[in-house]
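Chemist: The sequence and its predicted three-dimensional model are supplied below.
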Amino acid sequence: MQLEIERKFLVRGDGWRSQSIGVRYRQGYISTDPERSVRIRLVRDKAYLTIKGMTVGATRAEYEYEILADEASDMLDNLCVHPLIEKTRYRLQDHGLTWEVDEFEGDNAGLILAEVELEQEDQDVILPDWVGKEVTGDPRYYNARLVTEPYKRWALKNSH
């Protein structure tokens, strides 16, 4: 078992855009249970099955396995909860850490999140100037939650 320790932030401005080329991701969830999620992800010609445990603080158990891309595509179309998560991921280096910036599309268009994986929860992190409010503990920003409560619905709820 591997542990995933990550912090998640909103992104402000475009200062990150020129630092990386994006890669398109298509992913879906067979299970979005907060205690255990099962994700299928397709990135170019590679595909993965990922099982994640419940997040405690910024840490959770994670198991990931490469699977056949054709089978992943079929599962995304026929087994996963819709809408799927479609996003472009950018990887950037800053102060010795790798940041991943996800620019969402489709039902989550307008949402841009940055994540940084850490070796320990209390690790010091120097935030780049394009990193905004931390949303690590806010379940609304979990990809598994964005399937059942897409970002575009948030604006509709807030407008009433």
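Modeler: Yep, it's here.

Chemist: just the helices in the chain please.
Modeler: 69-78, 143-148, 151-158 (DSSP state H).

Chemist: Out of the ones you listed, flag the one nearest residue 136.
Modeler: Evaluated over the helices of the chain, closeness to residue 136 peaks at helix 143-148, with 13.6 Å, by Cβ to Cβ. For the C-beta atoms, the positions are set from N, CA and C on the backbone; glycine is no exception.

Chemist: Just give me the neighbour total for the closest residue to residue 139 other than its chain neighbours.
Modeler: Of all residues not flanking residue 139 in the chain, residue 145 sits nearest, at 5.4 Å (Cβ to Cβ, 6 or more residues apart in numbering). Residues lying near residue 145 (other Cβ atoms under 10 Å) number 16.

Chemist: Do you know the pLDDT at residue 145?
Modeler: On pLDDT, residue 145 comes in at 94.

Chemist: now do residue 111
Modeler: At residue 111, pLDDT is 97.

Chemist: Likewise for residue 1?
Modeler: pLDDT at residue 1 comes out at 65.

Chemist: low-confidence ranges in the chain?
Modeler: 1, 155-160 (pLDDT under 70).

Chemist: Would you point out which residue is most central in it?
Modeler: residue 143 (5.1 Å; Cα atoms, centre = their mean).

Chemist: tally of neighbours for residue 134?
Modeler: Number of residues near residue 134 (other Cβ under 10 Å) recorded here: 15.

Chemist: shouldn't it be in contact with residue 8?
Modeler: Yes: judged on Cβ atoms under 8 Å, residue 134 makes contact with residue 8 at a distance of 7.2 Å.

Chemist: distance of the residue nearest to residue 93 when sequence neighbours are not counted from residue 44?
Modeler: When the adjacent residues along the chain are set aside, residue 93 lies closest to residue 99, with 7.5 Å between them (Cβ to Cβ, 6+ apart). With distances taken as Cβ to Cβ, to the nearest Å, residue 99 is found 20 Å from residue 44.
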